[in-house]
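Participant: Got a predicted model here, sequence first, then my questions.
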Amino acid sequence: MSELIEQALRQRLQRHQGAGLWVVDENLARSQQHPLPSGLDLLTNRYDLLPGLAACGPVQFSDFDFSSWVHGTLDQAYYRVSKEKAVVHHVINQLSLRLKPGGRLWLLGGKQEGIKTYFTKARERLGEGGLHKLGKGDFVAELCRQGALGEPLDDQRYAELRELELGGERFVSKPGLFGWDKIDQGSAWLIASLDEVWQRLAVARPRVLDLGCGYGYLSVHCARRAVDSVTATDNNAAALAACARNLGACGVGHQVVAADAGDAVTGRFDLVICNPPFHQGFAVEGELTDRFLRAAAGHLEANGQAAFVVNRFVPLERKAAALFGEIDTFADNGRFKLVRLARPR
Ligand SMILES: C[S@@+](CC[C@H](N)C(=O)[O-])C[C@H]1O[C@@H](n2cnc3c(N)ncnc32)[C@H](O)[C@@H]1O
């Protein structure tokens, strides 16, 4: 997160008074993790942020479900805008309803992230407000709710999962989760090569773990094969909801687990399948690849295997060397590579 936004947010939160709500998605600075004034609740859709946020105050994890907060009861609300427009519009609409007349909404973000447009739209909804430049294209908007609210922003029915046809197949998905309305090209290639992965399995009906499942593209394709069960995990509440529905339609034993790089998953698996994340919020996060590799190694049966797809410039083989005895880059199409990993013998 930008230093200026982080600093402005921290100052605002420390000055908080009354009943308040801080909405947090993936963009949370680690320095933000210390106790905040009482009366301030926290809501996040990212499971990995829960431990840090719990150090700040009472926190809920959900797909931005605001139903615990009664309309017209909040004095202040804080939100550093998300990447996806439908999410931002949903959060602004919901916070507007929950502010008292005279209550304040603080929106923070960069020019590139659309903060000026969000400010204009939020002011039409809430009635009054000002936009302050923090510097370097970063802004904080202060909005004040008037008696009657204006029209809601178009959130594209954010709260609902929607049916999509992707590559001739039906999935449910929604904005705000990774590549929500498309098939990731790396994942499509991994699925096209799934026979090769299956041929090397030590068991006929594997227990499968999908690390970082998104809406469940890899999970669903595994579930259509002869499997014992599929366990899918992600840190994003919207992804978990979509994946649960998509896997539920497959008719195989499955569970969907909220976890930070698989940390809340229990048990061992015959096959771990993974297209690891490359971005965390607005920043690139290389360390995540290491954590996903450690999770794969930790959850594999002794004779199990993991199949990863990554951009070919990711040094997965080097990162995996300390964790796996067998590392086999079995395909490379110039853009992605498929890497099969097995534990030390
Ligand atoms: C490259 S996407 C792959 C999604 C899906 N498997 C597919 O093939 O379409 C990586 C996924 O990892 C998830 N992710 C990112 N950080 C995570 C974390 N710390 N713990 C668990 N999942 C995470 C993202 O939400 C995203 O769904």
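Facilitator: Okay, I see it.

Participant: Where does pLDDT dip in the protein?
Facilitator: 1, 28-32, 279-286, 344-345 (pLDDT under 70).

Participant: Outline the domain layout of it.
Facilitator: Domain assignment for the chain by automatic domain parsing gives 3-145, 162-342.

Participant: right, and the ones you listed - which one's nearest the ligand?
Facilitator: For these, proximity to the ligand was assessed by C-beta to the nearest ligand atom; domain 162-342 is nearest, at 2.7 Å. Placement of C-beta: from N, CA and C, glycine included.

Participant: Show me which residues of the stretch 201-345 of the chain sit near the ligand.
Facilitator: The stretch 201-345 of the chain comes close to the ligand at residues 212-214, 217-218, 234-236, 239, 260-261, 275, 277, 288, as judged by C-beta under 6 Å from any ligand atom.

Participant: 8 Å instead?
Facilitator: Residues of the stretch 201-345 of the chain lying near the ligand by C-beta under 8 Å from any ligand atom: 210-219, 233-236, 239, 259-263, 274-280, 285, 288, 291-292, 309.

Participant: how far away is residue 260 from residue 26?
Facilitator: Distance, residue 260 to residue 26, by C-beta to C-beta, to the nearest Å: 12 Å.

Participant: And residue 19, by the same measure?
Facilitator: Separation of residue 19 from residue 26 (C-beta to C-beta) stands at 25 Å.

Participant: who has more neighbours, these two?
Facilitator: More crowded of residue 19 and residue 26, by other C-beta atoms under 10 Å: residue 26, with 22 against 19.

Participant: returning to that earlier point: distance to residue 156 for the domains of the chain - can I get that in CSV?
Facilitator: Formatted as CSV, these follow (distance: least, C-beta to C-beta, whole Å):
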stretch, distance to residue 156
domain 3-145, 4
domain 162-342, 6
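
Participant: buried sites along stretch 186-193?
Facilitator: With burial defined by 16 or more other C-beta atoms under 10 Å, the residues of stretch 186-193 counted as buried are 186-191, 193.

Participant: Now do the same contact list for the nearest residue to residue 333 once chain neighbours are set aside.
Facilitator: Counting by C-beta to C-beta, 6 or more residues apart in numbering, residue 189 is the residue found nearest to residue 333 once chain neighbours are left out, at 6.3 Å. Neighbour list for residue 189: 309, 331, 333, 336, 338 [criterion: C-beta atoms under 8 Å, 6 or more residues apart in numbering].

Participant: Inside strands: which ones of the residues you listed?
Facilitator: Counted as lying in strands by DSSP state E, out of those, are 309, 331, 336, 338.

Participant: Now do the first one: how many residues are near it, please.
Facilitator: Pointing back at residue 309 there. Neighbours of residue 309 under the rule other C-beta under 10 Å: 25.

Participant: isn't residue 305 right next to residue 200, touching?
Facilitator: Yes: judged on C-beta atoms under 8 Å, residue 305 makes contact with residue 200 at a distance of 6.1 Å.

Participant: neighbour-wise, which of the two wins?
Facilitator: Legend: neighbour count by other C-beta under 10 Å for residue 305 and residue 200, higher for residue 305 (24 against 14).

Participant: one step back: name the member of the contacts of residue 189 with the most neighbours.
Facilitator: residue 309 (25 neighbours).

Participant: from what I can see that residue touches residue 335, true?
Facilitator: No: using C-beta under 8 Å, residue 309 is not in contact with residue 335; the gap is 10.3 Å.

Participant: any residues in contact with both of those two?
Facilitator: The contact sets of residue 309 and residue 335 overlap at residue 186 (C-beta under 8 Å, 6+ apart).

Participant: Which residue is the nearest non-sequential neighbour of residue 180?
Facilitator: Per C-beta to C-beta, 6+ apart, closest to residue 180 is residue 173, 4.6 Å.

Participant: what residues are up against the one you found?
Facilitator: Going by C-beta under 8 Å, 6+ apart, residue 173 touches 161-162, 164, 180-181, 215, 242.

Participant: same check, this time on residue 84
Facilitator: When contacts are counted by C-beta under 8 Å, 6+ apart, residue 84 touches 175-176.

Participant: just so I have it, where are all the helices in the stretch 1-150 of the chain?
Facilitator: All helices of the stretch 1-150 of the chain, identified by DSSP state H, counting those that start in this stretch, fall at 3-14, 50-54, 85-98, 115-126.

Participant: Show me what the third one is packed against.
Facilitator: To tie it back to what came earlier, the one meant is helix 85-98. Contacts defined by 3 or more C-beta pairs under 8 Å, 6 or more residues apart in numbering; DSSP states H and E place helix 85-98 against strand 20-24, strand 74-80, strand 99-110, helix 115-126.

Participant: Dump the ones you listed to JSON lines, plus mean neighbour count.
Facilitator: Compiled in JSON lines, the helices and strands packed on helix 85-98 are given as follows (neighbours: other C-beta atoms under 10 Å):
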{"stretch": "strand 20-24", "mean neighbour count": "24"}
{"stretch": "strand 74-80", "mean neighbour count": "24"}
{"stretch": "strand 99-110", "mean neighbour count": "21"}
{"stretch": "helix 115-126", "mean neighbour count": "19"}
